[in-house]
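Q: Build me a model from this:
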Amino acid sequence: MRLVRLYQADIGGDTVALDERNHHHLVKVLRAKTGQTVELFDGNGRWAKGELSELSTKKCSIIRTHSRGTANNESPIELELILAVSKSHHFEFALQKAVELGVTQIRPVLSERSEMKLKADRIEKKYQSWLGTIVSACEQSYRCVVPKLHELQTLQAALNECTADLRFVLDHRSAQPISPSLSGKHFAICVGPEGGLSEHDMAIAKSAKFEATSIGPRVLRTETAPLTALAVIGYLYGDLGLS
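A: So this is what the prediction gives:
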């Protein structure tokens, strides 16, 4: 019987009543039976494992826990991704894979070339959809810490709020790669939308002390570029190395 992992904010106690989202997922999607092994995590690094002891199509499901602990699979560095909003499926793909690679903060931004124009009443729906993608990626990748998803903001606002020690903006025209001998634990990567950042946005990034950098001689798609950069940094400074 495969292990089911679910994010739930409150996992205290010997028995845990699942919230509506998790109850629906177990009953309607997975069609789980009593005795199903379930691991819950609270998004802050703690987990609890147990079995499904009560199941109803109408009432909440109950997990009886038998073990709990704290996760130790988070990256030793902080990875902040400032990502310009792009076409929906490309953006959500990038979010999903960034979580798998260990990102700790995600800042969705609107840049000069961003094609997505959202009305005020749709911004919250998009935010919840992005958050759902992030949570699902944590469930799949065995992470117990849910990365912080910031509110949608302008590129300049996000860059001004960034407090990372090491700041990079991807630019395929740059000949400067990410150095393997940097000192710092908080990295920020800024990635533009389809077509890259405009000259105006690049100037804003550089004024916010973001260093233009390249991750290879080829032009990468907007959903590929951030993942490649996160993987390179994770390999050089995080926990994606061979040691």
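
Q: residues making contact with stretch 110-130?
A: Residues outside stretch 110-130 that contact it (C-beta atoms under 8 Å, 6 or more residues apart in numbering): 84-88, 91-92, 95, 106, 108, 149, 151-155, 192-198, 200-201. Where C-beta positions appear, they are placed from N, C-alpha and C, glycine not excepted.

Q: Just the ones of those residues in strands?
A: Among the contacts of stretch 110-130, the ones falling in strands (DSSP state E) are A84, I106, P108, L149, Q153, T154.

Q: Now for those: which two are most distant?
A: L149 and T154 (16.5 Å; C-beta to C-beta).

Q: for stretch 28-45, the distance to its chain's centre please.
A: Distance of stretch 28-45 from the chain centroid (C-alpha atoms, centre = their mean, to the nearest Å) equals 21 Å.

Q: Can you mark which positions in that stretch are buried?
A: A32, Q36, T37, V38, E39, L40, F41, D42, G43, G45 (16 or more other C-beta atoms under 10 Å).

Q: ok, the third one - contacts?
A: Contacts for T37 (C-beta under 8 Å, 6+ apart) come out as M1, L3, V4, K49, G50, E51.

Q: Of those residues, keep whichever come out buried.
A: V4, K49, G50.

Q: ok, D121 - how many residues close by?
A: By the measure other C-beta atoms under 10 Å, the count of residues near D121 is 7.

Q: about what we covered before: let me have the buried residues of stretch 28-45 in a markdown table, adding secondary structure and distance to D165 as columns.
A: Compiled in a markdown table, the buried residues of stretch 28-45 are given as follows (DSSP: H, G, I helix; E, B strand; the rest coil; distance: C-beta to C-beta, whole Å):
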| residue | secondary structure | distance to D165 |
| --- | --- | --- |
| A32 | coil | 45 |
| Q36 | coil | 44 |
| T37 | strand | 41 |
| V38 | strand | 39 |
| E39 | strand | 34 |
| L40 | strand | 34 |
| F41 | strand | 28 |
| D42 | coil | 28 |
| G43 | strand | 25 |
| G45 | coil | 23 |
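
Q: can you redo the residues you listed as CSV with pLDDT?
A: Putting these into CSV (pLDDT from 0 to 100) gives the following:
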residue, pLDDT
A32, 88
Q36, 91
T37, 93
V38, 95
E39, 96
L40, 97
F41, 98
D42, 97
G43, 97
G45, 97
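
Q: just to revisit the earlier point, neighbour count winner among L149 and T154?
A: Between L149 and T154, counted using other C-beta under 10 Å, the more crowded position is L149 (18 against 15).

Q: Next one, pLDDT for the more buried one please.
A: With respect to pLDDT, L149 scores 99.

Q: Which residue is the nearest non-sequential neighbour of E139?
A: R5 (4.6 Å; C-beta to C-beta, 6 or more residues apart in numbering).

Q: Report the contact partners of that neighbour.
A: So R5 contacts V38, E39, L40, F41, E139, Q140, Y142 (C-beta under 8 Å, 6+ apart).

Q: between those residues, which is nearest P226?
A: Nearest to P226 among those, with distances taken as C-beta to C-beta, is Q140, at 18.5 Å.
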